[in-house]
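Sharing a model prediction with you, sequence too.
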Amino acid sequence: MFKVDLGGGGELRPLEPWQAGEFFAHMERARETVDPWIPWASVSADLPSARKTLQRYADKRAADTGGIWGIWLDGVLVGGTMFVAFDAASGVAEAGCWLEPAGTGRGLITRATAVIIDWAFTERGLDRVEWHCRPDNVASSSVARRLGMTLEGTLRSNYPWKGVRHDTEIWAVLAPEWKPPTWTSPS
């Protein structure tokens, strides 16, 4: 299977249902920091539900409506990136990401997400990639900025989490605007 060198011991690879045990172990390490931002973190609470999460994304990939890829750091799954939605007919996708604390501060998310966005524009011919995040998720909005996205607006009170409604920022980059981020060396 393919892997993309992200530098510094990081690799981007497909994340598939047969890796549910590794994914669940990762979720156990990441849950506290990921759960407020990614809705499926709390529902991947045991091995069967973790497998179900990965199967849902495998089904999306098979239907060409989404996909999920893991980020490994020195051989350990520490996060990932995904197309929450992917609509080739309309030319629009929504990208997202997550990362456990062990992988932060290395540029892994920006590099990995740039790979899938670049693929969506150059290989699939999409016109627009969106990024949705809560305004208080500063790490996520920082990734959107590094990817060259523009903040287009805020959906007010549209996302419920643990009994509280939250706003959602909508960021996007269009194919003609896309400039894959450059970094000096993936070492």
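In hand now; what should we look at? Numbers count the residues shown, from 1 in each chain.

got a list of contacts for stretch 132-145?
36-37, 84, 94, 96-97, 104, 109-110, 113, 131, 151, 154, 159, 166-171 (Cβ atoms under 8 Å, 6 or more residues apart in numbering). Using the backbone N, CA and C atoms, a C-beta is placed for each residue, glycine as well.

Tell me which helix or strand comes right after the longest helix anywhere in the chain.
Taking DSSP state H as the assignment, the helix of the chain that covers the most residues is helix 47-63. Where DSSP states H and E defines the elements, the next helix or strand beyond helix 47-63 is strand 67-73.

Can you name the residues that contact the residue nearest to Trp161 when sequence neighbours are not counted?
Closest residue to Trp161 apart from its sequence neighbours, by Cβ to Cβ, 6 or more residues apart in numbering: Pro36 at 6.4 Å. For Pro36, the contact set (Cβ under 8 Å, 6+ apart) comprises Arg134, Asn137, Trp161.

Pull up the gap between Pro36 and Val115, please.
From Pro36 over to Val115 the distance is 25 Å, taken as Cβ to Cβ, to the nearest Å.

Kindly report the same for Leu174.
Leu174 is 18 Å from Val115, by Cβ to Cβ.

can you check Pro48 too?
Going from Pro48 to Val115 by Cβ to Cβ gives 30 Å.

Quick check: the most far-flung residue of the chain relative to its centre vs Val43, distance?
Distance from the centre of the chain peaks at Gly163, with 24.5 Å (Cα atoms, centre = their mean). Distance of Gly163 to Val43, computed by Cβ to Cβ: 16 Å.

cool, Thr122 as well?
Where Val43 is concerned, Thr122 sits at a distance of 33 Å (Cβ to Cβ).

which of these two has more neighbours?
The neighbour count for Thr122 versus Val43, taken as other Cβ atoms under 10 Å, is higher for Val43 (15 against 12).

before we move on, the earlier item: which ones among the contacts of stretch 132-145 map onto helices?
Per DSSP H, the contacts of stretch 132-145 map to helices at Ile109, Thr110, Thr113.

The last one touches Cys97, doesn't it?
Translated: Thr113. Yes. Thr113 is in contact with Cys97 according to Cβ atoms under 8 Å; the separation is 5.5 Å.

Name the residues contacting each of these two.
Thr81, Val143.

Quick one: end-to-end length of stretch 89-106, please.
End-to-end distance of stretch 89-106: 35 Å, with Cα to Cα, to the nearest Å as the criterion.

pLDDT value on Ala41, please?
Per-residue pLDDT puts Ala41 at 78.

need the contact list for it.
Ala41 makes contact with Met27, Ala30, Arg31, Val34, Asp35, Trp98 under the criterion Cβ under 8 Å, 6+ apart.
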